[in-house]
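Asks: For reference, the sequence and a predicted model appear below.
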Amino acid sequence: MTIRVLIVDDQMMVREGFSVLLNAMEGIEVVGEAVDGREAIAQVASLRPDVVLMDIRMPQMNGLEATREIVAADTDAKVLVLTTFDLDEYVYQALRAGASGFLLKDASARQLADGVRVVAAGEALLAPSVTKRLIAEFSKLAETPRVADPAGVGELTEREKEVLVLIAQGLSNGEIAGRLIVAESTIKTHVSRILVKLGLRDRTQAAVFAYETRLVTPS
């Protein structure tokens, strides 16, 4: 199945460059472009893309606000945030808003294409430098008192909590299956149930939830 992509960036050269790169990749088709967040929301509604490549810093409406509205609209589109700033102050907020991944604009064509495929498949994607920033943000949370029974966690089984912790540690379904010595299909079922019980959109939000509720703390 071809992955349909919408590119959102206020710079024409960036949009055209990404479009050329992605259209050259097998199984990926760029179906549209938008110059700001407001236009992105309209394009998502009309074009129904699978993945939205979203710049953060744009006029009219930035990528953070657009991501929130796209996620709130309960579309099937996954948002992959792109930025030139590896320490952008919006990184943490974008993931909390529902972005499924984060890449820097200096990523290679192959990394960009792989990122689109990973996000389209429902996995989480974070650039290494971005992960370091998130850990720093999560470390601040560790300074606050831990809630005895965080909202929603009580609905999870012990095995689901175990899977959630491993998701937050960045393991794929296959890696979790290997760690717990069960079939990968079993892990997929656990992940689906976790998302439904906690009312979360994808694995990225599950990872953020695990840190915010301190099921996982940065080492």
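Replies: That came in fine, so what should we check first?

Asks: Would you point out the helix or strand in this structure whose mean pLDDT is lowest?
Replies: Counting by mean pLDDT, DSSP states H and E, the weakest-scoring helix or strand in the chain turns out to be helix 128-141, with a mean of 57.

Asks: Following the chain onward from that one, which element is next?
Replies: helix 158-168 (DSSP states H and E).

Asks: next SSE after that next one?
Replies: helix 173-180.

Asks: what's the angle between that following helix and helix 158-168?
Replies: 130 degrees (axes from the mean of the first three to the mean of the last three Cα atoms, to 10 degrees).

Asks: and T186, what does it touch?
Replies: A177 (Cβ atoms under 8 Å, 6 or more residues apart in numbering). The way it works is simple: take the backbone N, C-alpha and C, and place the C-beta from them, glycine included.

Asks: Remind me which helix or strand it belongs to.
Replies: helix 184-198.

Asks: buried set for that helix?
Replies: I187, H190, V191, R193, I194, L195, K197, L198 (16 or more other Cβ atoms under 10 Å).

Asks: Could you do stretch 156-170 as well?
Replies: L156, E160, E162, V163, L164, L166, I167, A168.

Asks: Flag whichever of these scores worst on pLDDT.
Replies: Ranked by pLDDT, those bottom out at A168, which scores 81.

Asks: That residue touches Y211, doesn't it?
Replies: Yes - assessed by Cβ atoms under 8 Å, A168 is found in contact with Y211 at 6.1 Å.

Asks: which stretches of the protein have low pLDDT?
Replies: Within the chain, the set of residues satisfying pLDDT under 70 comprises 85-91, 124-151, 217-219.
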